[in-house]
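A.B. asks: mind folding the following:
(one chain, ligands or ions: 1)
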Amino acid sequence: MLNIVITGAPGSGKGTQSDLIVKNYGLFHISTGDMLRAEIKAGSKIGKQAEQIIADGRLVPDEVMIEMLHKQILEHKDAKGFIFDGFPRTVAQAGALDKMLAGVGAKIDILLVMNVKHETLVERLILRGQTSGRADDNKETIEKRLAVYTENTLPVIEFYRASGRLTEADNNTTVDECFAQIKRIIESHKG
Ligand code: AMP
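C.D. replies: Coordinates of the predicted model:
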């Protein structure tokens, strides 16, 4: 299995790069944001619980997310590997992910953070909001999401960096240039 965690601030290009990774390496894409938006659309219990939280730019509770992710891993444990996009976002989620993967005899192989300047993130998200129809792609919620990222997710990244497991891609670039860096990271991991 090849398991990749792609992390980075909202607007850092995780979804776009995940799609390219899926196309090139055949991994199974798990985007917790996409999963939550599908739950909202379906009007499920989780969707109802998550709708306002997402619109406010806050985080859905860890236990809800961890259960959701666990189900996906078990359902797709025969996949070539996973790309986790938007998870883990908290230290508790990071610990849970290691345990869940260990449960299926796997581990995280590549931890990738996408680095983008704050003002570029805001610009990209505002632009995306013009077509995405997402309730959280507006100026006020964008700033809130970036603050939530700094408070909850940066500690996860710092933890991964401190343990020497972090690889970094600069995405103040074009989609293709960023993907070229990611490809080099994946190829050098595969050896
Ligand atoms: P995203 O599409 O990854 O930007 O996620 C959109 C929103 O879904 C986030 O702002 C959170 O409200 C929620 N969300 C997605 N993934 C998670 C997660 N791992 N933990 C908590 N909330 C999440």
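A.B. asks: ok, the one residue sitting closest to the centre of the chain - contacts?
C.D. replies: By C-alpha atoms, centre = their mean, the chain has its centre lying nearest to Gly86, at 2.0 Å. Going by C-beta atoms under 8 Å, 6 or more residues apart in numbering, Gly86 touches 14, 31-33. For glycine as for every other residue, the C-beta is placed from the backbone atoms N, C-alpha and C.
A.B. asks: the same query, at a cut-off of 10 Å, please.
C.D. replies: 5-8, 10, 14-15, 18, 30-36, 65, 153 (C-beta atoms under 10 Å, 6 or more residues apart in numbering).
A.B. asks: check Asp98 too.
C.D. replies: The contact partners of Asp98, by C-beta under 10 Å, 6+ apart, come to 88, 107-108.
A.B. asks: now with 8 Å, please.
C.D. replies: Neighbour list for Asp98: 107-108 [criterion: C-beta under 8 Å, 6+ apart].
A.B. asks: helix or strand: which one has it?
C.D. replies: Counting by DSSP states H and E, the element that carries Asp98 is helix 91-103.
A.B. asks: list the buried ones in the helix or strand just after that helix?
C.D. replies: Next along the chain after helix 91-103, taking DSSP H and E as the criterion, comes strand 110-115. Neighbour-count burial for strand 110-115, with 16 or more other C-beta atoms under 10 Å as criterion, is recorded at 110-114.
A.B. asks: may I have strand 110-115 as PDB, with CA atoms only?
C.D. replies: Extracted as PDB, the C-alpha positions of strand 110-115 are listed here (Å, rounded to 0.1, in the frame of the first residue of the first chain):
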ATOM      1  CA  ILE A 110       4.200  10.100   2.800                       C
ATOM      2  CA  LEU A 111       3.100  13.200   4.800                       C
ATOM      3  CA  LEU A 112       2.900  16.100   2.500                       C
ATOM      4  CA  VAL A 113       2.300  19.700   3.400                       C
ATOM      5  CA  MET A 114       1.500  22.300   0.700                       C
ATOM      6  CA  ASN A 115       3.000  25.700   1.500                       C
END
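A.B. asks: given that strand, what are its sheet partners and their directions?
C.D. replies: Sheet pairing of strand 110-115 (DSSP bridges) gives strand 4-8 (parallel), strand 166-170 (parallel).
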